[in-house]
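Visitor: Return atomic coordinates for the entry below.
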Amino acid sequence: MLNKDLSLLISINDDIATIKDSKNLFLTIFNKLHDFYGLKIVGVALLDKTKENLGFIIGKIEGQKDILDSNIWLQTFSTNSLPFELPIANPKITSIDTKYFQSMKAQNDKQPSLEEVLKETGIDTLLLIPMRTGGELIGFMILSPEEFSFDVRDDDYSLKIANLIGSAISNVNAYNELQDKEKEKEIQIRLLLNLVTIKDKDVLFVKLAEEINNLIPCEYITLYAAEHSTVSSSRIMILSGIANSPKTVSLCKDSSGKFKIISLTRNITSSIFSLKSRAAKKDGENYLEIVGEEFDKLCNQFLHFKQLKEKNSINSFLILQYAYEDLGELNLIIGRSNPFLWMNGREKMDMLFSQSRNTFFAGKEIDLGIHLLPQIGLILANLYAFEEIQILTRKLEQEKNYLLDEINLTNNFQEIIGNSPAIQRTLNKVRQVAPLDATVLIQGETGTGKELIARALHNLSKRKDNALITVNCAALPAQLIESELFGHEKGSFTGAVEKRIGKFEVADNGTIFLDEIGELPLEIQAKLLRVLQEKEFERLGGKSTICSDVRIIAATNRDLEKEVEQGKFRADLFFRLNVFPIIVPPLIERTEDIPLLVKYFIEKHSKRIGREVKSIRKNDLDKLMQYNWPGNIRELEHFIERAIIISEGSNLNFEKLLGGNLQEAKPDFQSFKTLVDIEKEHIIDALKITNGKVTGENSAAQLLGINGKTLGSRMRKLGIKREVVITAEGK
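Guide: Have a look, this model is predicted:
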């Protein structure tokens with residue numbers, strides 16, 4: 001019979017008051033009961049919060065040794081699978097004879113069944129003593145009546161011991177829950193700090209899998225973001241990623257134990273979607289565990305799961321779900337092999353004392369995973385937002401470049417004004433050759449804007465960040481051209497008091513524009529040819545060879561082919577320069593651009609001169625478009641500038657400009673000729689040329705391109721006589 005000595009209660013209370021560890025608490029209680037009553041078998045059965053699962057801890061002491069981890073049996077069962085009726089509705093001390101146990105299958109094939117454990121320990125009868133704390137049943141203390149004489153009159157004392165143990169267990173659980181929450185916060189903070197700054201998608205997913213594995217040991221992880229059908233795609237972008245980004249990522253450990261991203265196929269994607277769909281069918285639940293026969297069915301149905309089972313020994317799935325309000329749903333799928341391979345004895349004790357709800361995944365693990373999902377969602381949202389910003393930035397840059405190209409090509413291509421077909425053909429050629437390093441020869445009349453074309457070629461090239469050096473070959477004295485282009489050493493000629501760096505050396509990695517290339521002396525042309533061929537030269541008076549990576553753009557208003565024929569320009573240099581010719585049209589071929597040019601020059605020079613912006617009358621603009629502009633755009637610009645200077649009032653005044661060339665000739669009504677008069681004069685001129693011969697070879701009819709009889713008829717009608725014409729010619 002149990003001794004009612006209060007010393008046991010006091011001793012238990014004193015020893016367990018400060019214990020915060022589940023395993024130490026159980027061992028202390030076990031050792032106290034062993035010391036007082038010689039008990040060698042003792043245990044507890046703890047209910048989870050739902051009262052649907054019961055976790056057993058049964059310890060056994062062999063000889064005089066302390067209890068060892070190997071002598072502790074741990075197992076969890078659903079209450080409806082027990083081989084006896086558990087007194088939950090009406091808790092009381094209950095004695096259960098094991099010989100009446102029904103056949104009971106172990107929940108896990110790595111652990112013995114309850115029946116096997118009891119048989120091995122020699123227990124024929126279980127004594128279940130309810131444990132309460134705060135009036136709530138939390139489980140049962142388990143004793144073996146064979147080890148001592150039990151009297152029902154000791155019920156009250158036995159219940160006091162059980163309640164004391166139950167209170168201690170509740171306190172430890174409460175302490176552990178508090179510690180778990182603090183640890184969970186630390187984990188969440190660490191997770192955010194470690195991952196939120198990673199911008200590489202693959203690196204982030206591998207690191208995230210490693211962090212999840214540290215918290216919930218596993219071999220397989222899938223993240224699946226599923227949107228609600230009523231949510232707009234722009235908001236879903238936070239979870240499921242931007243356009244063309246996968247909504248699913250799967251990772252699995254390789255032979256070295258490192259996570260690797262699995263390339264998604266249609267087979268894998270359909271398998272994962274099947275798991276997600278199964279979890280969605282569990283209304284009100286935010287997790288689903290798939291083990292045993294259900295897992296085997298999945299393997300038979302999907303090759304992906306079968307391969308995971310065979311190659312990675314995975315035999316369980318845990319699907320965790322977290323719904324974001326108005327955004328969508330994030331699913332975390334965890335696959336792992338037998339959980340007992342991951343746990344040591346202490347971890348298993350903590351799991352059972354924390355009221356585990358299942359066999360393969362502990363309640364703590366499930367809760368931790370669910371609590372981590374919001375942080376994982378934030379990390380993914382940050383990743384996808386960064387990725388979206390990058391893509392949108394690139395897209396914006398492309399759109400900006402496209403718009404700039406369009407603006408430049410249509411309205412103001414690097415300061416070039418015009419929309420006419422003639423100038424657009426030229427600008428299209430500029431756009432084609434600008435990104436390349438090909439040599440360009442710009443040809444066109446003076447004043448057409450050849451230098452602007454050269455500047456556009458440079459600004460649109462990969463050399464735009466380096467110098468554009470312009471050399472006017474016509475403006476340099478012949479004796480100084482070589483020094484200007486290639487430089488000279490000190491003392492190389494009279495007046496060379498110091499070393500000079502030439503234009504080609506300054507333009508290294510940039511562009512050099514040789515304007516009026518046709519004016520170069522023949523001896524300089526030979527040296528320029530070497531630069532084009534070898535990209536090297538020597539300073540005047542120098543001995544060392546200088547290399548310079550320069551793109552050459554040349555321009556001329558001369559016909560270089562004729563210059564070559566006349567021996568004024570080297571043929572080999574011409575062919576080197578004429579790699580990609582661009583012809584700038586004269587203004588007479590692009591009269592449609594004159595209104596745009598006039599407007600541009602009015603605004604430009606009005607601001608510079610400080611005059612109010614002038615307008616132009618339509619008839620004056622028509623006159624400008626009828627003029628042939630031999631000086632091209634340069635002449636037009638100077639013309640507008642002079643008009644602004646001399647004009648008063650709101651309109652430009654052209655009356656005194658260009659010596660009246662823009663004035664239209666007014667016809668004299670009295671002297672205006674009729675068509676009959678003109679026809680008569682034309683026939684007479686033809687007769688004069690042919691000496692009065694009307695028909696036949698070299699006749700007036702042949703010259704006029706009409707039949708001889710028709711010409712004779714027209715002469716009679718107009719009163720033209722052959723004799724008169726011959727007489728007039730003879731005079």
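Visitor: For the rest of this, base every contact and every neighbour count on C-alpha atoms.
Guide: Fine.
Visitor: What helix or strand is the closest residue to residue 133 other than its chain neighbours located in?
Guide: Closest residue in space to residue 133, ignoring its immediate chain neighbours: residue 167 at 5.3 Å, by CA to CA, 6 or more residues apart in numbering. Taking DSSP states H and E as the definition, one finds residue 167 inside helix 155-195.
Visitor: helices or strands next to that helix in the packing?
Guide: Packing partners of helix 155-195 (3 or more CA pairs under 8 Å, 6 or more residues apart in numbering; DSSP states H and E): helix 6-16, helix 22-37, strand 125-133, strand 136-143, helix 201-215, helix 363-410.
Visitor: wait, doesn't residue 634 sit right on residue 447?
Guide: Yes - using CA atoms under 8 Å, residue 634 makes contact with residue 447 at a distance of 4.7 Å.
Visitor: where does the stretch 601-731 of the chain dip in pLDDT?
Guide: 613-614, 650, 655-671, 722-731 (pLDDT under 70).
Visitor: can you give me the helices in it?
Guide: Ranges of helices in the stretch 601-731 of the chain, per DSSP state H, counting those that start in this stretch, are 618-626, 632-646, 675-689, 700-704, 708-718, 722-730.
Visitor: Looking at those, which is nearest to residue 132?
Guide: With CA to CA as the criterion, residue 132 lies closest to helix 632-646 of those, at 102.7 Å.
Visitor: what's the closest one packed up against?
Guide: helix 594-609.
Visitor: what angle do the helix it packs on and helix 632-646 make?
Guide: 50 degrees (axes from the mean of the first three to the mean of the last three CA atoms, to 10 degrees).
Visitor: can I get the CA coordinates of helix 594-609 in CSV?
Guide: This file holds the C-alpha atoms of helix 594-609, laid out as CSV (Å, rounded to 0.1, in the frame of the first residue of the first chain):
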residue,chain,number,x,y,z
ILE,A,594,12.1,74.7,-94.5
PRO,A,595,9.1,75.6,-92.1
LEU,A,596,10.6,73.5,-89.3
LEU,A,597,14.1,75.0,-89.9
VAL,A,598,12.7,78.6,-90.0
LYS,A,599,10.8,78.0,-86.7
TYR,A,600,13.9,76.5,-85.1
PHE,A,601,16.2,79.4,-86.2
ILE,A,602,13.7,82.1,-85.2
GLU,A,603,13.5,80.6,-81.6
LYS,A,604,17.3,80.1,-81.5
HIS,A,605,18.4,83.6,-82.6
SER,A,606,15.6,85.5,-81.0
LYS,A,607,16.8,84.3,-77.6
ARG,A,608,20.4,84.9,-78.4
ILE,A,609,19.8,88.4,-79.8
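Visitor: Can you list the buried residues in it?
Guide: Buried residues in helix 594-609, defined by neighbour count with 16 or more other CA atoms under 10 Å: 594-595, 597-598, 601-602, 605-606.
Visitor: which among those residues gets closest to residue 703?
Guide: Of these, the one sitting nearest to residue 703 (CA to CA) turns out to be residue 594, at 41.1 Å.
Visitor: now stretch 532-544: mean pLDDT?
Guide: Model confidence over stretch 532-544, given as mean pLDDT, is 83.
Visitor: coming back round to it: make TSV from the buried residues of helix 594-609 and add distance to residue 249 to it.
Guide: Below are the buried residues of helix 594-609 laid out as TSV (distance: CA to CA, whole Å):
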residue	distance to residue 249
594	61
595	61
597	59
598	62
601	61
602	63
605	63
606	64
